[in-house]
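Q: coordinates only, sequence not included:
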Ligand code: AKB
């Protein structure tokens, strides 16, 4: 399979690890990383990198032509907590970047597009447990509104113009290589670093807040698996529910104490609590499992061991 891939937003939490995995599959020179800021040493030294603003359609087109790009992964976005502070900016970034890339695909400059959605499309009126693919979707955050609109734009471009765009509704994604920024689920990453570095953590959501989560390794695997699936197997062109595990901060603390027995957590919920409370506590992703055979590998126990081992190293 030969593809030339452009990743927009490659220096971020998911972009960084996705870039490295795609480079190992398609070859370093076939995966062009880009962002408004440089990535880490591994990304910069292992393959091509370009400074690109994801809302700048003309520059994207120039790069698509320069490298003969066949696929674009658009990962640049403003996440839930920051988007509440800068609603207009979040809407502009999240929407204009997507519409620009969809137009390039419509005009046949690229063959395939990946665009991430999120559990943030769901809102307070959505059934909380085992949230189905099709259900009440009334988001209460700017980020959620932008993701929901984006999903329907993807579907529209697919139906109307035959654009091959694919998408996943990520749960909170947990990683240790690059930290996330501006999300509500960021505590589930911070907690591991604070456990190792300081032995205690002040959590910004309450101890019983249950949210759907996934280890980065699974998120990257799912993304690539969806992009490699046969077009006829990709039956949902808004965005697929995707799940691996769900837990509360208290359950995380119990798991971390198996490795760091004196680890202490205190709870001081802030404005992010309201966002977390509006999201599902678990997700039904049976459509992804049925359509393209999605299977997760990591649960809370195996993820915790892996992350702590890596941070301690
Ligand atoms: C966030 O917390 O904003 C993101 C997400 C769930 O999309 N991690």
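A: Sure thing, it's come through. For clarity, every value in this text was computed on a predicted model and none was experimentally measured.
Q: going along the chain, name the strands of the chain.
A: 5-8, 31-35, 49-51, 71-74, 112-114, 117-118, 164-166, 168-170, 172-174, 200-203, 211-215, 240-241, 245-247, 264-267 (DSSP state E).
Q: got the ones you listed as a markdown table, with distance to the ligand columns?
A: Every residue, glycine included, has its C-beta placed from N, CA and C. Formatted as a markdown table, the strands of the chain follow (distance: least, C-beta to the nearest ligand atom, whole Å):
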| stretch | distance to the ligand |
| --- | --- |
| strand 5-8 | 17 |
| strand 31-35 | 18 |
| strand 49-51 | 24 |
| strand 71-74 | 15 |
| strand 112-114 | 15 |
| strand 117-118 | 3 |
| strand 164-166 | 17 |
| strand 168-170 | 6 |
| strand 172-174 | 5 |
| strand 200-203 | 14 |
| strand 211-215 | 8 |
| strand 240-241 | 13 |
| strand 245-247 | 12 |
| strand 264-267 | 18 |
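Q: would you mind measuring the gap between the ends of stretch 266-279?
A: 22 Å (C-alpha to C-alpha, to the nearest Å).
Q: what residues of that stretch count as buried?
A: By neighbour count on 16 or more other C-beta atoms under 10 Å, the buried set for stretch 266-279 is 267, 272-273, 275-279.
Q: how about the residue of the chain most remote from its centre: what's its closest non-neighbour residue?
A: For the chain, the largest distance from the centre (C-alpha atoms, centre = their mean) belongs to residue 262, which lies 32.0 Å off. Distances taken as C-beta to C-beta, 6 or more residues apart in numbering put residue 199 closest to residue 262, at 6.0 Å, once the chain neighbours are dropped.
Q: next, give phi and psi for the one you found.
A: Phi and psi for residue 199, reported as degrees, to the nearest 10, are phi 80, psi 0.
Q: picking up where we left off before, and the strands of the chain as CSV, adding distance to residue 283?
A: Listed next are these as CSV, based on distance: least, C-beta to C-beta, whole Å:
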stretch, distance to residue 283
strand 5-8, 25
strand 31-35, 29
strand 49-51, 34
strand 71-74, 22
strand 112-114, 19
strand 117-118, 11
strand 164-166, 18
strand 168-170, 8
strand 172-174, 11
strand 200-203, 22
strand 211-215, 5
strand 240-241, 5
strand 245-247, 8
strand 264-267, 24
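Q: so residue 95 sits against residue 147, correct?
A: No: using C-beta atoms under 8 Å, residue 95 makes no contact with residue 147, being 10.1 Å away.
Q: would you mark the buried spots in stretch 69-88?
A: 69-84.
Q: oh, that last question was meant for stretch 296-305, not what I typed.
A: Neighbour-count burial for stretch 296-305, with 16+ other C-beta under 10 Å as criterion, is recorded at 296, 298, 300, 303-304.
Q: in a markdown table, list those residues along with distance to residue 210 and pLDDT.
A: Output for the buried residues of stretch 296-305, formatted as a markdown table (distance: C-beta to C-beta, whole Å; pLDDT from 0 to 100):
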| residue | distance to residue 210 | pLDDT |
| --- | --- | --- |
| 296 | 17 | 98 |
| 298 | 18 | 98 |
| 300 | 12 | 98 |
| 303 | 16 | 98 |
| 304 | 17 | 98 |
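Q: in helices, which of those fall?
A: Assignment to helices by DSSP state H places the following of the buried residues of stretch 296-305 there: 300, 303-304.
Q: list just the nearest of the residues you listed to the ligand.
A: Using C-beta to the nearest ligand atom, residue 303 is the member of those that lies nearest the ligand, at 15.5 Å.
Q: need the nearest residue in space to the closest one, chain neighbours excluded.
A: That would be residue 215: by C-beta to C-beta, 6+ apart, it lies 4.3 Å from residue 303.
Q: count the neighbours of that neighbour for me.
A: 24 (other C-beta atoms under 10 Å).
Q: that one: what's it in contact with?
A: 173-175, 244, 297-298, 303, 306-307 (C-beta atoms under 8 Å, 6 or more residues apart in numbering).
Q: might one say that residue 204 is in contact with residue 274?
A: No: here residue 204 does not reach residue 274: they are 11.4 Å apart, not a contact under C-beta under 8 Å.
Q: got a markdown table for the ones in helices among the buried residues of stretch 296-305, with distance to the ligand too?
A: Shown next, in a markdown table, are those (distance: C-beta to the nearest ligand atom, whole Å):
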| residue | distance to the ligand |
| --- | --- |
| 300 | 17 |
| 303 | 15 |
| 304 | 18 |
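Q: show me what contacts residue 124?
A: Residue 124 makes contact with 138, 140, 277-278, according to C-beta under 8 Å, 6+ apart.
Q: residue 95 and residue 147: which has the busier surroundings?
A: For residue 95 and residue 147, the more surrounded residue by other C-beta under 10 Å is residue 147, and the numbers stand at 29 against 16.
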